[in-house]
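A.B. asks: Generate a structure from the sequence data that follows.
(chains A, B, C, D, E, F and G)
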Amino acid sequence: MSRGREYDGAITIFSPEGRIYQVEYALELVKKGSPIVGVRSTEGVVLAAIEPKQSLLADQNFSKKISKIDDHVGVAIAGLSPDARVLVRQARYLSQSNKMTYDEPIDIEEMAIAIGNLLQRYTQNAGARPFGVSLIIGGVDTQRVSLISTDPSGSYRGYKATAIGRNNENAKQVLSEEYAENISLDGAKGLAVQALKAAAEDMFKAEYLNIAVISIKDKMFRTLSEEEIKKYL
Amino acid sequence: MSRGREYDGAITIFSPEGRIYQVEYALELVKKGSPIVGVRSTEGVVLAAIEPKQSLLADQNFSKKISKIDDHVGVAIAGLSPDARVLVRQARYLSQSNKMTYDEPIDIEEMAIAIGNLLQRYTQNAGARPFGVSLIIGGVDTQRVSLISTDPSGSYRGYKATAIGRNNENAKQVLSEEYAENISLDGAKGLAVQALKAAAEDMFKAEYLNIAVISIKDKMFRTLSEEEIKKYL
Amino acid sequence: MSRGREYDGAITIFSPEGRIYQVEYALELVKKGSPIVGVRSTEGVVLAAIEPKQSLLADQNFSKKISKIDDHVGVAIAGLSPDARVLVRQARYLSQSNKMTYDEPIDIEEMAIAIGNLLQRYTQNAGARPFGVSLIIGGVDTQRVSLISTDPSGSYRGYKATAIGRNNENAKQVLSEEYAENISLDGAKGLAVQALKAAAEDMFKAEYLNIAVISIKDKMFRTLSEEEIKKYL
Amino acid sequence: MSRGREYDGAITIFSPEGRIYQVEYALELVKKGSPIVGVRSTEGVVLAAIEPKQSLLADQNFSKKISKIDDHVGVAIAGLSPDARVLVRQARYLSQSNKMTYDEPIDIEEMAIAIGNLLQRYTQNAGARPFGVSLIIGGVDTQRVSLISTDPSGSYRGYKATAIGRNNENAKQVLSEEYAENISLDGAKGLAVQALKAAAEDMFKAEYLNIAVISIKDKMFRTLSEEEIKKYL
Amino acid sequence: MSRGREYDGAITIFSPEGRIYQVEYALELVKKGSPIVGVRSTEGVVLAAIEPKQSLLADQNFSKKISKIDDHVGVAIAGLSPDARVLVRQARYLSQSNKMTYDEPIDIEEMAIAIGNLLQRYTQNAGARPFGVSLIIGGVDTQRVSLISTDPSGSYRGYKATAIGRNNENAKQVLSEEYAENISLDGAKGLAVQALKAAAEDMFKAEYLNIAVISIKDKMFRTLSEEEIKKYL
Amino acid sequence: MSRGREYDGAITIFSPEGRIYQVEYALELVKKGSPIVGVRSTEGVVLAAIEPKQSLLADQNFSKKISKIDDHVGVAIAGLSPDARVLVRQARYLSQSNKMTYDEPIDIEEMAIAIGNLLQRYTQNAGARPFGVSLIIGGVDTQRVSLISTDPSGSYRGYKATAIGRNNENAKQVLSEEYAENISLDGAKGLAVQALKAAAEDMFKAEYLNIAVISIKDKMFRTLSEEEIKKYL
Amino acid sequence: MSRGREYDGAITIFSPEGRIYQVEYALELVKKGSPIVGVRSTEGVVLAAIEPKQSLLADQNFSKKISKIDDHVGVAIAGLSPDARVLVRQARYLSQSNKMTYDEPIDIEEMAIAIGNLLQRYTQNAGARPFGVSLIIGGVDTQRVSLISTDPSGSYRGYKATAIGRNNENAKQVLSEEYAENISLDGAKGLAVQALKAAAEDMFKAEYLNIAVISIKDKMFRTLSEEEIKKYL
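C.D. replies: Down below sits the predicted model:
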């Protein structure tokens, strides 16, 4: 660890072991973020986030751990929310311009690649730090139901179900044990909630949860109300 | 703390723990600024600031802790006032250009996002320091009464009531204890004054107070006279 | 003090306490400059500076501690005169272009804001040091008599009377004790001279003094002759 | 080793022994990547990669160790996949624009040179790190069957058969011992699998394998199904 | 002195005492330059420089301590002559373009300000060092006889008589003791020579002297011949 | 040696002894490269290189130690081949554009100067390292048979015969002892092979050799086959 | 000496004593270069250089210590020849463009100034090192016979005779003792050879000498043959 010190300076360069410390530190930040979970079903995809209220006087409507990109796709974020906004803005722009050009909703993986390419540039060029955020992108395009995560290195990877952020290993264990290939969309909501619960420690309350769903039926991004969420606790 | 030293150098990079020290130091500066308070009511929103006169010869008219952005929105600032002016200028420009383009007052959250995005860029790119200022934005747009704070990281967050700056924890305690969902606009003024008093230590005088109100009735930014303020002491 | 060392390097960044050392060092320079004083009266405004002759062979006409910006506004400077010239040039340009555009003399506070914004940019962006100069701007615009000071941070502040530079605390004490709201323009000249005397130590001579006055009657920047000045000693 | 420390700083400069440490560190990273193999036959070319599933919940379809560039050419990658995507994108662009201009598939070596030139620029100019990826490019152009590897220095080299990444020396030993000039395309597939097996340690499973083939018959990039792969285990 | 060390690095920044070391070091250089002297008379102005021949084989015609800018104005330089040439070139350009635009010789102080502004930029912006040269500008414009010196900080100052460079304090003492307000142009020549003699130590020879004169009669820059100079020794 | 350490940093600056370490380190790299030889005859010029196969599976056709620039000129390279490609590309461009403009083959020395000027820029300007490669350029232009070498400093020099790279002193000794002014082109081929043999240690095999010849008869760059080479062993 | 260390970093800044170390180090390099000599006569000018053959196989025609700029002017160089080429190229360009514009040969001093100005820029701006070369420029223009030297600081100076490079003090002593104002052009050739001999130590041979002459008769740059040179040994 201590030898890393000399290689994590002002720009994103390689350490002797071929590591890029600034990217690893960004990942460290992501690991400390509030946990997020994504679960894919053949019927659609679920994104879930937990964010304990920091103050009784906070306005709950302002939680932004889950954002709609377009009707058919949304993201959950772990890490720096100001950095996430840059990526969300870019994703929305990509989606709009795809619609303009091809008159159809953007392919989810193509969107993930475009975001990954933006992330990569911030790991290679001097003059800026990497983005301090990982995304779980969930959506239903003309081809398939997709659940893809990106990280600060610019890598992206597809999953049936995954979790990022604080205690994500607890959440992932629940996902591994409970996930079934034929899980229903309703089952996916419940599983996402259970996974978050495993990561949330003692901060688990319906009002802290954010859940968004995109069903293959209508391909419409929809967030659950607190009432709806309570059904899955 | 001491290991942080190596990571807070010339540009905004990550420390091994995934922290961005320059942003944290900017927050430190903000914490030492004169306290500001915002309180939201269903009838409108109140912004309040206290700024002890530094000299008997100072011209009271020049206090700038609260600025009007547009008829329906204002900001209170904590931190470096020259930095704040850059943000205020940008907010005014956004508001004007929104009016030109859509012929309606800018949505308060949209304005907060735009300012947050500007703040974010100064945390990611080399060649400049982050802004050393936090804002409380209060306003009444076509949708709702909004009270939003931004900080040097580019984060923004909605509140029913909040306080920033020196002794903000004292002010927040008053707000938490006294805030009621159904508070009247008049009650909000009184509460803002009480909260500032808790933060002000022994420097609390009507002539040091700045209070601005935007009511849902007229959606007009209005500052209170010293006489009006005295009613709430 | 000694920990500051690590944070005052090549560019204007925050120290852990949220300070910007380069700005503080610039202020240190200003504090060592020859004293300047400004006094506001309802009848006009007075700017005064003292600059001991450095050599018997110096050409007195070249003293530049007070500069005319436009008919209705002037500045006194404390600090680096080459830096001040940049600001004076900018102020003159602003004034001219305001006249061209609106056909009226520039508002004094607007000019102060524009100069403050220029100063601020040099505290935030890498690649240059802050300006090493503070100004006292005095003028009479269509609205009011104004006396405003700027400092290297880009802050500006209005005053009834103020002093900057070496021993400014002595000058300010005189101003505080002697200033009256209803002071006449003539009284303001005398007070400015007394305040400078308090700061000047043993270097106080009529020939070292520079005094400029702008009266509300003619709104014309005018410098006093040595004879006129002697009346106020 | 330890003296190298002083020469692997922010940009790609020479050490006293004439080494460029940043390039060597990038190679170090490549050596730790999942192994890839290429085998050339007179009947076509085979690219093979192994990538153990990191999680049961990972979506196998997202493995990207082998990418199609154009009908007649593909690449296998070892190292940072976000960096590889930049090169793949560039290769696709080159191929398309060659088709547009000359109406024929791009020459494989020409493509390798163009990618090598891009890689070289990132080893000579400051402001960016080298690419952390090596490629095996396989294809069939109008002239010949080609198998070429590139590395982070921008070097490229032709092979009959080669391996890159973790335990590549084991894979190369298999290739050296088993390769025959008259190997059939089918034999090449089997040899590629054997070589990967030698490098894979205990992580060797059909489902972890990616194999792509370009035959001289149709000059069409084609990936093998898991069923097809099993024939060669 | 020793604490200054940390503040005189790559760019022109403030030290904790508000000093700009690079400018001070440039002044140090100037102080070691060959002495130059300027003397103003109501009848005109005299510039004088001494430059001991460095070698018997040097071509005396190439001494460049005094340069003509235009008919009515010249400069003497102390410090780096290559740096001085940049300023001389700029001054000539200013003079020519003033003539073109206004059809009259450039005002001497305006020229000094323009050069001072150029000097100032090199003290504030990173990426270059300050100019290592001071000038004595002497001339006769439509208003008056002017004698102005500039230094590396961008400051300029008017004098009746002044000296810069090695042992300038000796030269200045002569000037102070001997200067009279009503000195004739001829007297000024003699005084300039006496002042240089005081600074020259044992290197004082007619052939080492350069003297230029601009009389109010013809406003023509003229250099004295060695014969003429000898009259004033 | 050890004092050099402080002067070989990020850019190409002078050490106190007036050395440019980055250039010297690049030369160090070149000295470790595979040996190359050039021999000039009145009948033409010979370029020769040895490159031991690194692997049995390497594709011999990809050896690039000798490149054709144009019909009448070629280069042998020692050092980083990716860097060499940049120079080769530039040389080809120069040659083509010379043909276009003047309708005749480029003068060999002119080409060497142009390449040298490119190399020089990388030794003077910050932001890039010098090129890590030396060339032997051989050709027959309208004037003469030329053999010129360039090095990373941008220097170029003409030779009757020369060698660069590993053990070049051994190769040069052979050249010195055996070269005759009236050597035939055939003799030059044999001498080049003998010189390479002296440098090659125990790695000397016909299949490792690359030899190119340009005869004054046809002025056509031609590489020898392995069979032809064997005649000279 | 040792304190200099801290001031000779990446760019050309002043040390506390007002020195620019990078320029001094460049001069150090020049002092180690092969000696060059220039001698002026009323009948023309002589440039001479000595360059011991580094190898028996070197092509004597490639010696470039003396270059023709135009018919009436040439330069001898001491220091880095690649750097010198940049200056020579610039000088040729200046000469050509002067001819185009004014239809007469360029004034020698004007050319020296232009080169000096180019040299100066590399001593003031960051991002490049100074040029590591000094020139002796000799020529005959419409006004006079000129002999001017430039150095890395951008200074230039005229001489009757001068020497630069290794052992230049020996060469200068010969020049000082033997030079006569009325020296013939033939005498100047002999003197140049004698001066070089004094500097050359034991490496003095006719074949190592380069001598160029420009006579006032034809104003044509001409190099002497080895036979001609032998007459002056």
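
A.B. asks: Could you pull out the strands in chain A for me?
C.D. replies: Secondary structure of chain A by DSSP state E: the strands cover A:36-41, A:44-50, A:66-70, A:73-79, A:133-140, A:145-150, A:156-158, A:161-164, A:209-215, A:221-223.

A.B. asks: Report the rounded mean pLDDT for the fifth one.
C.D. replies: In other words, strand A:133-140. For strand A:133-140, mean pLDDT is 98.

A.B. asks: cool, and the last one?
C.D. replies: Averaging pLDDT along strand A:221-223 gives 97.

A.B. asks: Residues contacting it, please?
C.D. replies: Identification of contacts with strand A:221-223 by CB atoms under 8 Å, 6 or more residues apart in numbering or on different chains yields A:66, A:68-74, A:210-215. To be clear about C-beta, it is placed using only N, CA and C from the backbone, and glycine gets the same treatment.

A.B. asks: Can you give the strand pairings for that strand, parallel or anti for each?
C.D. replies: Paired with strand A:221-223 in the same sheet, following DSSP bridges, are strand A:209-215 (antiparallel).

A.B. asks: List the contacts of A:Leu57.
C.D. replies: By CB under 8 Å, 6+ apart, the contact set of A:Leu57 is B:Tyr159, B:Lys160, B:Ala161, B:Thr162, B:Lys172, B:Leu175, B:Ser176, B:Tyr179.

A.B. asks: List only buried entries from those.
C.D. replies: Buried members of the contacts of A:Leu57, scored by 16 or more other CB atoms under 10 Å in any protein chain shown, are B:Tyr159, B:Lys160, B:Ala161, B:Thr162, B:Lys172, B:Leu175, B:Tyr179.

A.B. asks: so the fifth one touches A:Ser55, yeah?
C.D. replies: Same thing as B:Lys172. Yes. Taking contacts as CB atoms under 8 Å, B:Lys172 lies within contact range of A:Ser55: 7.3 Å.

A.B. asks: what touches both of the two?
C.D. replies: B:Thr162.

A.B. asks: so can I have CSV of the contacts of A:Leu57 showing distance to G:Ala91 and pLDDT?
C.D. replies: As requested, these are exported to CSV (distance: CB to CB, whole Å; pLDDT from 0 to 100):
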residue, distance to G:Ala91, pLDDT
B:Tyr159, 71, 96
B:Lys160, 76, 96
B:Ala161, 75, 97
B:Thr162, 70, 97
B:Lys172, 73, 97
B:Leu175, 76, 97
B:Ser176, 79, 96
B:Tyr179, 80, 97
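
A.B. asks: can you list these in JSON lines and add distance to B:Pro82?
C.D. replies: As requested, the contacts of A:Leu57 are exported to JSON lines (distance: CB to CB, whole Å):
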{"residue": "B:Tyr159", "distance to B:Pro82": "26"}
{"residue": "B:Lys160", "distance to B:Pro82": "31"}
{"residue": "B:Ala161", "distance to B:Pro82": "28"}
{"residue": "B:Thr162", "distance to B:Pro82": "24"}
{"residue": "B:Lys172", "distance to B:Pro82": "27"}
{"residue": "B:Leu175", "distance to B:Pro82": "29"}
{"residue": "B:Ser176", "distance to B:Pro82": "33"}
{"residue": "B:Tyr179", "distance to B:Pro82": "33"}
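
A.B. asks: Which of these fall within helices?
C.D. replies: Judged by DSSP state H, the contacts of A:Leu57 include B:Lys172, B:Leu175, B:Ser176 as members of helices.

A.B. asks: What is the neighbour count of A:Gly127?
C.D. replies: A:Gly127 has 15 neighbouring residues, counting by other CB atoms under 10 Å in any protein chain shown.

A.B. asks: my guess is it meets D:Gly127, correct?
C.D. replies: Yes. Between A:Gly127 and D:Gly127 there is a contact at 7.0 Å, judged by CB under 8 Å.

A.B. asks: so who does the one residue sitting closest to the centre of chain A touch?
C.D. replies: The centroid of chain A falls nearest to A:Ile136 when counting by CA atoms, centre = their mean (2.4 Å). Counting by CB under 8 Å, 6+ apart, A:Ile136 makes contact with A:Ile36, A:Val37, A:Gly38, A:Leu47, A:Val75, A:Ala76, A:Ala78, A:Leu147, A:Ile148, A:Ser149, A:Thr162, A:Ile164.

A.B. asks: Chain neighbours aside, what residue packs nearest to it?
C.D. replies: A:Gly38 (4.0 Å; CB to CB, 6 or more residues apart in numbering or on different chains).

A.B. asks: Surely that neighbour touches A:Val46?
C.D. replies: Yes. A:Gly38 is in contact with A:Val46 according to CB under 8 Å; the separation is 6.8 Å.

A.B. asks: so what sits against both of these two?
C.D. replies: Contacts common to A:Gly38 and A:Val46, judged by CB under 8 Å, 6+ apart, are A:Gly138, A:Ala192.

A.B. asks: ok, now which ones touch the residue nearest to A:Ile136?
C.D. replies: A:45-48, A:76, A:136, A:138, A:147, A:149, A:159, A:161-163, A:192.

A.B. asks: Now list the buried members of these.
C.D. replies: Applying the neighbour count, that is 16+ other CB under 10 Å, the buried entries in those are A:45-48, A:76, A:136, A:138, A:147, A:149, A:159, A:161-163, A:192.

A.B. asks: In terms of secondary structure, what does the longest helix along chain A contact?
C.D. replies: What stands out as the longest helix in chain A, according to DSSP H, is helix A:81-102. Other helices and strands packing on helix A:81-102, by 3 or more CB pairs under 8 Å, 6 or more residues apart in numbering or on different chains; DSSP states H and E, are strand A:66-70, strand A:73-79, helix A:108-124, strand A:133-140, helix B:108-124.

A.B. asks: Distance to G:Phe131 for these - can I get that in JSON lines?
C.D. replies: Below are the helices and strands packed on helix A:81-102 laid out as JSON lines (distance: least, CB to CB, whole Å):
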{"stretch": "strand A:66-70", "distance to G:Phe131": "56"}
{"stretch": "strand A:73-79", "distance to G:Phe131": "50"}
{"stretch": "helix A:108-124", "distance to G:Phe131": "34"}
{"stretch": "strand A:133-140", "distance to G:Phe131": "48"}
{"stretch": "helix B:108-124", "distance to G:Phe131": "39"}
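
A.B. asks: Quick check: beta-bridge partners of A:Val46?
C.D. replies: A:Val39, A:Val213.

A.B. asks: That one against A:Val213, yeah?
C.D. replies: Yes. Using CB under 8 Å, A:Val46 is in contact with A:Val213, at 5.4 Å.

A.B. asks: Mutual contacts of these two, please.
C.D. replies: A:Leu185, A:Lys189.

A.B. asks: what sits against the residue nearest to A:Ser215 when sequence neighbours are not counted?
C.D. replies: Nearest residue to A:Ser215 in three dimensions, chain neighbours excluded: A:Gly44, at 3.9 Å (CB to CB, 6+ apart). By CB under 8 Å, 6+ apart, A:Gly44 lies in contact with A:Val140, A:Val145, A:Leu185, A:Ala188, A:Val213, A:Ile214, A:Ser215, A:Ile216, A:Lys217.

A.B. asks: Look at the second one and say how many residues are nearby.
C.D. replies: For A:Val145, the number of neighbouring residues by other CB under 10 Å comes to 21.

A.B. asks: A:Val75 versus that one, what's the distance?
C.D. replies: Separation of A:Val145 from A:Val75 (CB to CB, to the nearest Å) stands at 15 Å.

A.B. asks: ok, now the first one?
C.D. replies: Applying CB to CB, one obtains 14 Å for the distance of A:Val140 from A:Val75.

A.B. asks: Look at the two and report which has more neighbours.
C.D. replies: More crowded of A:Val140 and A:Val75, by other CB under 10 Å: A:Val75, with 29 against 25.

A.B. asks: List the residues that contact the more buried one.
C.D. replies: Here A:Val75 is in contact with A:Leu47, A:Ile66, A:Ser67, A:Ile69, A:Ala84, A:Leu87, A:Val88, A:Ala91, A:Leu135, A:Ile136, A:Ile137, A:Gly138 (CB under 8 Å, 6+ apart).
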